[in-house]
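> got a sequence here, can you build the structure:
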Amino acid sequence: MRWALVKVCLAVTAMVVVAFAVPLGLVVQEMASDRAFSNAERQAATIGPTLSITTDPVQLSKAVESTQMGAARRMAVHVPAIGGGTPVEIGGGWAGEQAVAATRRLGRATTASVAGGGSALLQPTALGSGDIAVVEIFVPENEVSNGVTTAWAILAGVALALIVGSVAVADRLGVRLVRPAERLADAAHQLGEGKLGARVPEAGPKELRSAAVAFNAMADQVVELLANERELAADLSHRLRTPLTVLRLNTASLGDGPAAEQTRAAVEQLEREVDTIIRTAREQRPATGLAGAGVNAGCDASEVIRDRMAFWSALAEDEGREVRLAGVDRTVRIPVARPELAAALDAMLGNVFRHTPEGTPFAVDVHDAGDAVIVLVSDAGPGIDDPDAALRRGNDGARDGSTGLGLDIVRRVAESTGGDVRLGRSVLGGTEVRVWIGLDGRDGGRGGAGGVRVRGGRRKRRGQAKRPGDKGGNQGQAK
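Below you'll find the predicted structure:
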């Protein structure tokens, strides 16, 4: 494309030069010739008054020598025989008798080539007797072409400068057009190879800038779609953990025997497969916003909590757990989709059943803080030794039976509204998970108990010293 543009500009400029420079040079050459012969005509006219008075050779010779051309030996006078006399020739001449006779016969000025170079101007002049005398002026070749060579050289230089300039400008324009196109093609190749971070600088001509904007938007959409797909696969798989937890706990009541052992083994294998699916789906996923969250996808938090607690109450009764609900007797609207809030509640309640001993009481509280809704899930268990590790996003594979996604689902629900998640010590003596759900897009996470605050992928430790290790006490790692 670049060289094609250069060739086009070169061809157009060459045609322009030929169309204008060559005719201009010919005009200059013609003007130089006209100037030389016009000057010769003026010099020939200076001897006319003398010829109209006398044809005496002596007088004519003096008159010729007094002129500029005569003094330069470039003027000749041809007077025909008058009244039977002899012809008068002053200065000899250069054109020859035939040219002189032709001029006398035509009665107008003529030019003739001179052997050895140059030209002769033959100017007829009427005498008093009615005869025609011919005044001849020699015009050298250098006067006919005076300034023509210089003019052609200037025109050639201008033409060359135009061609070089047009090629340079075309090359720069070609680079300006080609480089953005090359960057766009390179970014497309990178994106095709799986490099999702490939983007194109929005530079160059308007059309290529529009293409770059469209490409970057497409790449962002691809990344977002892939992220949402991975999130959906991981979250849906994680939601299977809730019924699996119920199955695993119920298998404890089957007693001994081959059938019971097979059932327990099948449940354990199913849990391992679900963990594998979650870890695979979450591997190297880019962070994205929570799909489906927003004001238009809101729900009644109290109604959702009552519904999920009805689901978990049967298991709580079997394990002898005391359950307390508070703040769910009134409608509390939040900008979170019902399935997302339900998944977050199942994740928190599933952690309570999974990581606290049977008979441990727990509570779920809802508070309306004006610009935020606070959901508290607390228990009387042994607590978490390392809240930072419990809130660490995802599982690196070192924790068997855990994917690290339970609190990640909760965190994403809170962050989608501008809120956050905190872990701390509950009034029951165990762990408290405090979820701030913003109602106006602002961060509702202010004040409250100390602990670990999670928002925007950053964790701030408050009131607890960080200790190494991936598991805390008997409660282990929250998921």
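
> for A342, give me its contacts.
A342 is in contact with 304, 307-308, counting by Cβ atoms under 8 Å, 6 or more residues apart in numbering. Bear in mind the C-beta positions are built from the backbone N, C-alpha and C, glycine included.

> any low-confidence regions in the stretch 101-250 of the chain?
Residue ranges of the stretch 101-250 of the chain with pLDDT under 70: 232-238, 241-242.

> which parts of it are helices?
Along the stretch 101-250 of the chain, counting by DSSP state H, counting those that start in this stretch, helices occupy 141-144, 148-192, 206-239, 241-251.

> point out the most buried one among the ones you listed.
helix 241-251 (a mean of 17; mean count of other Cβ atoms under 10 Å).

> packing partners for it?
With contacts taken as 3 or more Cβ pairs under 8 Å, 6 or more residues apart in numbering; DSSP states H and E, helix 241-251 sits against helix 258-282, helix 301-318, helix 338-355.

> at 6 Å what do you get?
On a contact count with 3 or more Cβ pairs under 6 Å, 6 or more residues apart in numbering; DSSP states H and E, helix 241-251 meets helix 258-282, helix 338-355.

> weakest of those helices in terms of mean pLDDT?
Lowest mean pLDDT within those: helix 258-282, at a mean of 71.

> find the residue at the geometric middle of this protein.
The centre of the chain sits closest to E202, judged by Cα atoms, centre = their mean, with a distance of 2.2 Å.

> do you know which of the helices of the stretch 101-250 of the chain lies nearest D408?
Across those, D408 has its closest neighbour in helix 206-239 (8.5 Å, Cβ to Cβ).

> not counting sequence-adjacent ones, nearest residue to the residue nearest to the centre of the chain?
A212 (4.6 Å; Cβ to Cβ, 6 or more residues apart in numbering).

> isn't that neighbour right up against V200?
Yes. A212 is within contact range of V200, at 4.2 Å (criterion: Cβ atoms under 6 Å).

> V223 and G194 touch, don't they?
No. The criterion here is Cβ under 6 Å, and V223 misses it with G194 at 11.3 Å.

> give me the neighbour count for T125.
T125: 20 surrounding residues under other Cβ atoms under 10 Å.

> show me the beta-bridge partners of it.
Beta-bridge pairing for T125 (DSSP bridges): A133.

> show the contacting residues for it.
T125 sits next to 48, 51, 133, 135 when contact means Cβ atoms under 6 Å, 6 or more residues apart in numbering.

> going by distance to S113, which of those residues wins?
Distances from S113 to these, taken by Cβ to Cβ, are shortest for V135, at 18.1 Å.

> tell me the strands in the stretch 301-450 of the chain, going along the chain?
For the stretch 301-450 of the chain, applying DSSP state E, counting those that start in this stretch gives strands covering 323-326, 333-334, 362-368, 372-379, 420-425, 431-438.

> how close does the residue nearest to E202 sit to I47?
Distance, A212 to I47, by Cβ to Cβ, to the nearest Å: 82 Å.

> same question for S166.
From S166 over to I47 the distance is 55 Å, taken as Cβ to Cβ.

> and what of T111?
Relative to I47, and taking Cβ to Cβ, T111 is found at 18 Å.

> these two - which one has more neighbours?
Ranked by neighbour count (other Cβ under 10 Å), T111 and I47 place I47 first, with 24 against 18.

> return the residues in contact with that one.
63, 135.

> circling back to that earlier point, nearest to G107 among the strands of the stretch 301-450 of the chain would be which one?
Closest to G107 of these is strand 431-438 (Cβ to Cβ; 111.9 Å).

> quick one: list the elements packing against the closest one.
strand 372-379, helix 406-415, strand 420-425.

> go again using 8 Å as the cut-off
Contacts defined by 3+ Cβ pairs under 8 Å, 6+ apart place strand 431-438 against helix 338-355, strand 372-379, helix 406-415, strand 420-425.

> tell me which of these lies nearest to D34.
Short answer: helix 406-415, nearest of those by Cβ to Cβ, at 90.6 Å.

> next, the angle strand 420-425 makes with the closest one.
Angle between the axes of helix 406-415 and strand 420-425 is 130 degrees (criterion: axes from the mean of the first three to the mean of the last three Cα atoms, to 10 degrees).

> pull the CA atoms of helix 406-415 into PDB?
Written as PDB, here are the backbone C-alpha positions of helix 406-415 (Å, rounded to 0.1, in the frame of the first residue of the first chain):
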ATOM      1  CA  GLY A 406     -17.500 -19.300  48.700                       C
ATOM      2  CA  LEU A 407     -16.500 -15.900  50.000                       C
ATOM      3  CA  ASP A 408     -15.400 -14.900  46.500                       C
ATOM      4  CA  ILE A 409     -19.100 -15.200  45.400                       C
ATOM      5  CA  VAL A 410     -20.100 -13.100  48.500                       C
ATOM      6  CA  ARG A 411     -17.400 -10.500  47.800                       C
ATOM      7  CA  ARG A 412     -18.500 -10.100  44.100                       C
ATOM      8  CA  VAL A 413     -22.200  -9.600  45.200                       C
ATOM      9  CA  ALA A 414     -21.100  -6.900  47.600                       C
ATOM     10  CA  GLU A 415     -18.700  -5.200  45.300                       C
END
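
> what is that helix packed up against?
Under the contact definition 3+ Cβ pairs under 8 Å, 6+ apart, helix 406-415 sits against helix 206-239, helix 338-355, strand 420-425, strand 431-438, strand 452-455.
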